[in-house]
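Asks: Sharing a sequence plus its predicted fold:
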Amino acid sequence: MSNQHAETTAIEARNIVKQFAGHTALNQVSLEVKRGEFISLLGPSGCGKTTLLRILGGLEHPDEGAVLLSGKDVSGVPAYGRNTNMIFQQLALFPHMDVYNNIAYGLKVKKLGKAEIKKRVAEVLELVQLSDYSNRSISQLSGGQAQRIAIARALVNKPEVLLLDEPLSALDMQLRLDMQHELKRIQREFGGTFIFVTHDQNEAMNLSDRIAVMRSGVILQYGTPSEIYERPVDSFVAKFIGDTNLLEAKVIESSGSKLIVECCGRTFEARNPGAAGVGSTGHLSLRYEYVGLGESAERCDNQLTGKILESVYGGASIRYKLDIGGGYELTANVQYQPGNPIYGVGQEIALGFQREYALFLDDSREA
Ligand SMILES: Nc1ncnc2c1ncn2[C@@H]1O[C@H](COP(=O)(O)OP(=O)(O)OP(=O)(O)O)[C@@H](O)[C@H]1O
């Protein structure tokens, strides 16, 4: 491994395999996280997110593969010997201790001097903006405050990597959104590497520099939120992140990045993000906002007509469900400003989409 790689990579998992009683929870998973990055492990329940996080933190040991921290193999090192720290959904604060002692606990175990402990606790309390809460008992904290104290306690040891296992999932929606901003701010100011487990795609999109989308013990795609949204590698990722029309399709012509596909009983021009050739079957993924209606359809590579089946006013946008004939439906999400036309149920309308935004996803890639 090059020195540069070790300098820029905070933590790395290599070809991790983990089985529980014959069930493969992780199957050859590799992941590399750069220093200072905020990444999320995103996927449905049971896909292996927590198991991977616990392996990175040394709370679980892989059957195969290695974990490297700053380029050093720590596979055999238990959690307490690694410079990582973990925050769980059930925060696990000590209820009988006040805020100060909760945060100071780990430093006392490490036998740091009193003055140093006091300084470090004050620093992290300032970081989470709860400097006045030092003497509060844990039972007197709100959900959001308890969350911040758990973060402060985890950061006081200055871990190289902070591992967060769905820490916001117990909070109500508004508090959860506020805490997302807080977490991002704290990470920026602290300057550390955060790995965050969630099954909420919006949370992953809001927080992350990169997202690893997982399914059934493998990472399907690892990339920036825009890469994952705009260039999903398969139908599962396309469906899991954002809203998309997924229409069964078959390639009938292929030239480089341009494809002609048979779909919904007609032919469309599509983009070929993979290496799909003639005869490949899969799905055409067309995000709701890439479907143009009325005048905007006239400029599109692919044009058809549809009948409005349903119209849902959402303030900034209107979502239409359209019947495009032959038993097929498409959904369009059209930006709305007062004065723009609103189409009524039953209305016939031109609709269209650009080749560039219609991705052919080859299902043979899927597990
Ligand atoms: N200690 C264990 N013993 C047996 N099976 C386990 C154990 N831990 C995890 N598993 C299994 O491994 C698979 C992955 O579990 P894991 O908790 O990593 O998934 P997850 O993606 O974090 O799910 P969730 O979002 O529901 O927490 C699941 O099928 C789970 O039942």
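Replies: In hand now; what should we look at? Residues are numbered from 1 along each chain as shown.

Asks: Would you mind listing the buried residues in the host helix or strand of Glu203?
Replies: Assigned by DSSP states H and E, Glu203 belongs to helix 201-207. Residues of helix 201-207 classed as buried: 201, 203-207 (neighbour count, 16 or more other Cβ atoms under 10 Å). Heads up, the C-betas are built off the backbone N, CA and C, glycines and all.

Asks: the strands in the stretch 51-200 of the chain, which residues?
Replies: Along the stretch 51-200 of the chain, the stretches classed as strands by DSSP state E, counting those that start in this stretch are 64-69, 72-73, 84-87, 161-165, 193-198.

Asks: By mean pLDDT, show me the worst of the ones you listed.
Replies: Comparing mean pLDDT across the strands of the stretch 51-200 of the chain, the weakest is strand 84-87, with a mean of 90.

Asks: That strand: partners in the sheet, and parallel or antiparallel?
Replies: strand 161-165 (parallel) (DSSP bridges).

Asks: CA atoms only: put the partner strand into CSV for me.
Replies: Backbone C-alpha positions of strand 161-165 (Å, rounded to 0.1, in the frame of the first residue of the first chain) are rendered in CSV as follows:
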residue,chain,number,x,y,z
VAL,A,161,-13.3,7.3,13.5
LEU,A,162,-16.8,7.7,15.0
LEU,A,163,-19.3,5.0,14.3
LEU,A,164,-22.9,5.9,14.6
ASP,A,165,-25.6,3.2,14.6
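
Asks: Show me how far it is from its chain's centre.
Replies: Mean C-alpha position of strand 161-165 versus that of the full chain (Cα atoms, centre = their mean, to the nearest Å) differs by 14 Å.

Asks: ok and it relative to strand 64-69, angle-wise?
Replies: Interaxial angle, strand 161-165 versus strand 64-69 (axes from the mean of the first three to the mean of the last three Cα atoms, to 10 degrees): 120 degrees.

Asks: Let's see the pLDDT reported for Ile11.
Replies: 97.

Asks: what sits against it?
Replies: Taking Cβ atoms under 8 Å, 6 or more residues apart in numbering, we find Ile11 in contact with 32-33, 56, 67-70, 84, 160-161, 193, 195.

Asks: Now do the same contact list for Ala146.
Replies: 91, 93, 138.

Asks: which of these has the weakest pLDDT?
Replies: Leu91 (70).

Asks: For that residue, which residues are in contact?
Replies: 146-147, 149-150, 167.

Asks: Please apply the same query to Phe190.
Replies: 127, 155.

Asks: partners of Leu286 in the sheet?
Replies: With beta bridges defined as DSSP bridges, Leu286 has these partners: Asn245.

Asks: Okay, and the nearest residue to Val29 once chain neighbours are set aside sits in which element?
Replies: Using Cβ to Cβ, 6 or more residues apart in numbering and skipping the chain neighbours, the partner closest in space to Val29 is Ile16 (4.5 Å). Remark: Ile16 resides in strand 9-20, with elements defined by DSSP H and E.

Asks: That strand and the ligand in contact?
Replies: Yes - Strand 9-20 lies within reach of the ligand by Cβ under 6 Å from any ligand atom, at Phe20.

Asks: Does Leu163 touch Thr193 like I think?
Replies: No - judged on Cβ atoms under 8 Å, Leu163 makes no contact with Thr193 at a distance of 9.6 Å.

Asks: Between those two, which is the more surrounded one?
Replies: Neighbours around Leu163 and Thr193, counted as other Cβ atoms under 10 Å, are more numerous at Leu163. The numbers are 28 against 22.

Asks: which one of the contacts of Ile11 sits closest to Ile241?
Replies: Of all the contacts of Ile11, Ile241 sits closest to Ile195, with 18.4 Å by Cβ to Cβ.

Asks: can you pull the contacts of Ser169?
Replies: Ser169 neighbours (Cβ under 8 Å, 6+ apart): 89, 176, 198, 200.

Asks: mind listing what the last one touches?
Replies: By Cβ under 8 Å, 6+ apart, the contact list for Asp200 reads 42, 169.

Asks: phi, psi of it?
Replies: Note on Asp200: backbone dihedrals following degrees, to the nearest 10 are phi -100, psi 110.

Asks: Can you check the pLDDT for it?
Replies: For Asp200, the predicted pLDDT is 92.

Asks: Contacts only, for Ile117.
Replies: 104, 107-108.

Asks: Are any of those buried, and if so which?
Replies: 104, 107.

Asks: Using TSV, lay out the contacts of Ile117 together with pLDDT and distance to the ligand.
Replies: Below are the contacts of Ile117 laid out as TSV (pLDDT from 0 to 100; distance: Cβ to the nearest ligand atom, whole Å):
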residue	pLDDT	distance to the ligand
Ala104	91	31
Leu107	88	30
Lys108	88	31
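
Asks: So which of the contacts of Ile117 are in helices?
Replies: If you go by DSSP state H, the contacts of Ile117 have 104, 107-108 in helices.

Asks: Using the record's assignment, carve this structure into domains.
Replies: The chain is divided into the following domains under automatic domain parsing: 3-230, 243-365.

Asks: Would you mind naming what in the stretch 1-150 of the chain lies close to the ligand?
Replies: So far as Cβ under 6 Å from any ligand atom goes, the stretch 1-150 of the chain lies against the ligand at 20-21, 23, 25, 43, 45-51.
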